[in-house]
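Engineer: Got a sequence here, can you build the structure:
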Amino acid sequence: MRHFEFHSLRDRFPILSREVHGKPLAYLDNGATAQKPREVIDAMSRFLAEGNANIHRGVHTLSQEATDAYENARAGIARSLGMPDSHVLIFVRGATEAINLVAHGLTDRLVEGDEVVLTLMEHHANFVPWQVLAEKTGATLRFIAPRDNGELDLEEWRGAFGERTRVAAFTHVSNVLGTVNPVADMTAFARERGVVTLVDGAQALPHGPVDLGAIGGDFYTFSGHKVFGPDGIGVLAGRRELLDAFPPYQTGGDMIETVSVDGTTYRTGPERFEAGTPNISGVIGLAEAFRLLDELDWAAARTHEKELCSHLTSELTRHGDARVIGTAPDKEAVVSFVMDAAHAHDIGTILDTEGVAIRTGHHCAQPLLAHYGLAATARASMAFYNTHEDVEAFLRGIAKVKRFFT
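Structural biologist: Presented below is the predicted three-dimensional model:
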């Protein structure tokens with residue numbers, strides 16, 4: 001994919017043509033949320049304007065059309081993820097709800113003295129639910145810290161497994177460090193020991209296709225808004241036998257098989273965990289986002305992202321004014337950094353005056369930042385639609401920070 005084709009792709013994202021403070025928007029906060037292509041926006045608007053109806057319950061035309069669109073979306077997303085069985089793909093509000101659902105489902109499988117292995121690079125969403133589970137069950141949490149460069153020490157991680165290890169949860173890509181973990185190797189190691197795995201893929205899918213068959217874990221989750229889809233929708237992909245053994249996470253309409261005054265029985269499959277009216281337009285928008293992703297030349301897109309990351313990193317650190325947190329080989333296009341002269345929040349505020357959007361703070365990863373002796377970093381995170389012009393705008397903003405604080 002040649003350089004000019006990225007500009008053509010960029011044109012499909014309406015918000016990227018706006019200005020902020022009279023400057024062209026340079027959106028470098030993709031790790032927090034990605035922007036939406038017109039196809040996603042139009043698909044959702046079209047459904048709401050022309051096809052809005054509830055699903056699975058009506059015999060009228062609109063309801064049947066909505067049901068078909070919803071289930072076709074499930075099947076299409078499953079195909080994109082390399083899943084032969086779409087009925088283990090559950091729609092949730094996002095990765096946070098998915099992880100809470102799994103932790104809730106595993107409650108009865110853990111007892112006092114059992115162990116859950118985590119890494120310190122986890123987002124709070126893949127950290128706090130396991131703390132709650134440990135409090136409920138008496139299980140123990142074991143934490144593996146990354147190396148100084150942000151890589152996970154696999155030998156140390158493997159060494160954390162013992163006879164009482166029951167669950168291992170880990171991120172595919174760190175939202176702070178950009179580190180890409182070898183999740184297929186990690187799930188294989190855990191599977192050999194009968195340990196249930198959950199992979200947080202929220203930061204992985206925006207940077208390339210994911211084959212869940214090849215990864216081979218028990219649970220994989222991500223949020224739609226990070227893969228150029230709508231807010232408030234996400235996916236939990238799980239192993240059928242585990243899901244069938246889980247108690248309901250929520251109860252209500254559409255997950256019921258029978259109800260009587262004597263008791264209730266529940267449906268199996270994804271419906272068991274999709275109580276109530278779902279985010280139908282969100283599911284339709286997410287499926288449209290995956291159609292766009294399926295069309296991309298990901299080899300070229302990844303090369304482009306890595307060129308942007310290299311350009312930004314080399315210029316940012318050239319004079320020793322900034323220190324990058326996370327330098328693992330083959331990391332994704334995420335650059336967290338600190339500057340001695342300026343606090344992260346001041347960096348973000350000054351960059352905003354130049355039309356540059358980055359993220360500042362602890363990035364919902366306080367244990368990781370504490371490991372590095374930090375309270376906050378500034379973070380630039382790139383996507384395939386970003387350009388070298390965006391990077392140059394960022395660097396002009398950094399020069400302004402230096403002038404202001406030195």
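Engineer: Mind telling me what element residue 55 is part of?
Structural biologist: Using DSSP states H and E, residue 55 is not contained in any helix or strand.
Engineer: Contacts only, for the residue nearest to it when sequence neighbours are not counted.
Structural biologist: Spatial nearest neighbour of residue 55, chain neighbours left out: residue 67 (4.3 Å); criterion: Cβ to Cβ, 6 or more residues apart in numbering. Placement of C-beta: from N, CA and C, glycine included. By Cβ atoms under 8 Å, 6 or more residues apart in numbering, the contact list for residue 67 reads 55, 56, 58.
Engineer: Name the strands paired with the one helix or strand residue 170 maps to and say parallel or antiparallel.
Structural biologist: Per DSSP H and E, residue 170 falls inside strand 165-171. According to DSSP bridges, strand 165-171 forms sheet pairs with strand 115-119 (parallel), strand 196-200 (parallel).
Engineer: just those strands: most buried one?
Structural biologist: Highest mean neighbour count of the strands paired with strand 165-171: strand 196-200, a mean of 26 (counted as mean count of other Cβ atoms under 10 Å).
Engineer: Give me the mean pLDDT for that one.
Structural biologist: Strand 196-200 carries an average pLDDT of 98.
Engineer: Alpha carbons of that strand, as PDB, please.
Structural biologist: The C-alpha atoms that make up strand 196-200 are tabulated as PDB, following Å, rounded to 0.1, in the frame of the first residue of the first chain:
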ATOM      1  CA  VAL A 196      -7.900 -21.400  32.100                       C
ATOM      2  CA  THR A 197      -6.600 -18.400  30.100                       C
ATOM      3  CA  LEU A 198      -8.100 -15.000  29.200                       C
ATOM      4  CA  VAL A 199      -6.400 -12.800  26.700                       C
ATOM      5  CA  ASP A 200      -7.200  -9.100  26.600                       C
END
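Engineer: Just checking, which helix or strand succeeds it along the chain?
Structural biologist: The helix or strand immediately downstream of strand 196-200 is helix 212-215, counting by DSSP H and E.
Engineer: Can you name every helix or strand that that following helix contacts?
Structural biologist: If contacts are counted by 3 or more Cβ pairs under 8 Å, 6 or more residues apart in numbering; DSSP states H and E, helix 212-215 sits against helix 183-192.
Engineer: okay, the angle between the strand holding residue 170 and helix 183-192?
Structural biologist: Here strand 165-171 points in a direction 170 degrees away from that of helix 183-192 (axes from the mean of the first three to the mean of the last three Cα atoms, to 10 degrees).
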